[in-house]
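Student: Just need the structure, nothing else, for what follows:
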Amino acid sequence: MAVALLLGWIGCPFVAPAQWPAPPMTAGQRSLIFDTIVKQTPRPTPQQLAWQRLETIAFAHFTINTFTDQEWGDGTEDPKMFNPGAFDARQWAKACREAGLKLIILTAKHHDGFCLWPSQYTDHSVKRSPWRGGKGDVVKEVSDACREFGLKFGVYLSPWDRHEPSYGTPAYNQHYLNQLRELLTNYGEITEVWLDGAKGEGEKAMVYDFNAYWQLVRELQPKAVLFSDAGPDVRWIGNERGFAGETCWSTVERSAIVIGGSQNAYLNAGDPAGGDWVPGECDVSIRPGWFYHAKEDGQVKSLRQLLDVYYHSVGRNGVMLLNIPPDRRGLFHPTDVARLKELRTVLDETFRTNLVKGAQAKANQESKPFNAANVLDGNPDTHWLLPEGQTSGALDITLPRPAPFDRVLLQEAIGLGQRIKSFTVDAWEGQAWKTIARGTTIGHKRLLRIPPVTAARVRVSVTDSYGSPAIAEVGLFRASAREAAAK
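Tutor: Numbering: from 1, shown residues only. This next block holds a predicted model:
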């Protein structure tokens, strides 16, 4: 009975007791049972897996700071300063959709405590501003625009609040929960809730009741993922450059992480021995600051810089969270929008044609039905799996004809956990194999930029793994000519 239930849980056919004896299990099914029972590998929840597949998402830092020209407000700002006369959330959503960004996370409340919705728990909000005659609601307009343009919506609610008088006392936790409840019940489905651990030196001491915060999100928005240094669903990658580690595990030991602490190297690399699945989110701003400053109009990241972020975030098992700060009009600046379009154009041109289409794949070992052909079917839910106990193996991919390429894509079947510790990629030169790339972790997606190669055969070798490795996809691509010309 336990084996049958386990098979149902991991996606294999469930056999009811009335049907016993069960049909013989395949080697692949036996391998899954072995890995599940013996290793107990952490695995993503459906919400975490769906979030990881978004790959590129947007931040929108917008508040009273936009009008005071500050990064961190002190909570004494006059709400009358907030007046974005041309505010248009649809412009934000349209720009994000065209850039391939799948989610917008809005700073509903930053450290200054100014709320972009008419919270009933403070007067430090849009209801005291001249914008929309004091009847406006930025959160509503952005969430509505996201739905209109097919995007998901998330909220940032800063635990640190420099305006709220109860901050620093136990009563503040209830204040925070009250505002969190407003956001979670009045604006439709929330995909991500973002909790910043930042707090300035010398500020009031405050013991946040994170467990209560998380419990409320679970109750009111069960499909949402929760972000903080320690997750519980998504972790900070340890820097604001948007770069995941060369080695990047989706697992960590959450009990070893202090929110707002200094475990940056640990967060950047993850922990292969960690017992918790908490993948990395790579946050970075398109400008030097997080909020809009006119003096930075000439300092928007170049196409080359954004491509570097993409390959070091999405291409290293992370999700790229790119901040586009609206200006004082309430619009994305034209320079930022143009740069987003450039990025999307190059990525589309690079990854539109997978050169393995029509290729054949063979493996030195495999467990049917988890055979080598699955890595070429374009479906991340199928995979090649080595037999039970095998921690290394190779795929030999033969293309229809020799083709030039300079980008390699590898995807692990992370629904089974993250297992691969090291790999190599070789090209057949006619008489011998030549190693063209090597790396450590793969995870959801590994993208490798390599010198141009022309070959008809490519070999992907897993050289070490925790348990039987499972590869979902292999891809070969040729970079857009625009990338070579990018500055």
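Student: what does stretch 377-386 contact?
Tutor: Counting contacts by Cβ atoms under 8 Å, 6 or more residues apart in numbering, the residues outside stretch 377-386 that touch it are 28, 31-32, 53, 354, 361, 363, 365-367, 370-372, 374-375, 392-393, 395, 411, 413, 415-416, 462, 465, 468-473. Yep, even glycine has a C-beta here, placed from its N, CA and C like the rest.
Student: Make a ChimeraX selection of the buried ones in the residues you listed.
Tutor: Buried members of the contacts of stretch 377-386 can be picked out in ChimeraX with the line below, counting by 16 or more other Cβ atoms under 10 Å:
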select :28,31,32,354,361,363,366,367,370,371,372,374,375,392,393,395,411,413,415,416,462,465,468,469,470,471,472,473
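Student: So for stretch 228-243, mean pLDDT?
Tutor: Predicted confidence along stretch 228-243 averages 96 (mean pLDDT).
Student: Would you confirm that Ala265 belongs to a helix?
Tutor: Yes: assigned with DSSP: H, G, I helix; E, B strand; the rest coil, Ala265 falls within a helix.
Student: how near is it to Leu303?
Tutor: In this structure, Ala265 lies at 29 Å from Leu303, with Cβ to Cβ, to the nearest Å as the measure.
Student: and the residue nearest to Tyr311 when sequence neighbours are not counted, which of the three is it?
Tutor: In this structure, Tyr311 finds its nearest non-sequential neighbour in Leu447, 5.4 Å apart by Cβ to Cβ, 6 or more residues apart in numbering. Following three-state DSSP, the label given to Leu447 is strand.
Student: Around Leu447, how many other residues sit close by?
Tutor: The tally of other residues near Leu447 (other Cβ atoms under 10 Å) stands at 21.
Student: go on, Tyr208?
Tutor: Neighbour number of Tyr208 under other Cβ under 10 Å is 18.
Student: so what's the backbone phi/psi at it?
Tutor: phi -80, psi 140 (degrees, to the nearest 10).
Student: what does Gln305 give?
Tutor: phi -60, psi -40.
Student: Same check on Lys94?
Tutor: Main-chain torsions, Lys94, degrees, to the nearest 10: phi -60, psi -40.
Student: and Gln19, what pLDDT?
Tutor: You'll see Gln19 listed with a pLDDT of 34.
Student: My error: substitute Lys199 in the last question.
Tutor: Per the predicted model, pLDDT is 87 at Lys199.
Student: per-domain residue ranges of this structure.
Tutor: 2-39, 46-351, 360-485 (automatic domain parsing).
Student: rank these by pLDDT, which is bottom?
Tutor: The stretch with the lowest average pLDDT out of these is domain 2-39, scoring a mean of 39.
Student: before we move on, back to that, mind checking which of Ala265 and Leu303 has more residues around it?
Tutor: Relative neighbour count places Leu303 above the other of Ala265 and Leu303, with 18 against 10, counting by other Cβ under 10 Å.
Student: ok, that one touching Ser480?
Tutor: No: taking Cβ atoms under 8 Å as the definition, Leu303 is not a contact partner of Ser480, at 10.4 Å.
Student: Now the common contact residues for the two.
Tutor: Overlap of the contact sets of Leu303 and Ser480 (by Cβ under 8 Å, 6+ apart) consists of Val346.
Student: What segments of the stretch 201-350 of the chain are helices?
Tutor: Along the stretch 201-350 of the chain, the segments classed as helices by DSSP state H, counting those that start in this stretch run 210-220, 264-269, 303-313, 334-351.
Student: What residues of the shortest one count as buried?
Tutor: Across helix 264-269, burial judged by 16+ other Cβ under 10 Å covers 266-269.
Student: ditto for stretch 153-169
Tutor: The neighbour-count check on stretch 153-169 (16+ other Cβ under 10 Å) flags 153-164, 167 as buried.
Student: Tell me the bridge partners for the residue nearest the centre of the chain.
Tutor: Centre of the chain computed as the mean C-alpha position; nearest residue by Cα atoms, centre = their mean is Val319, 2.5 Å away. Note on Val319: beta-bridge partners Glu281, judged by DSSP bridges.
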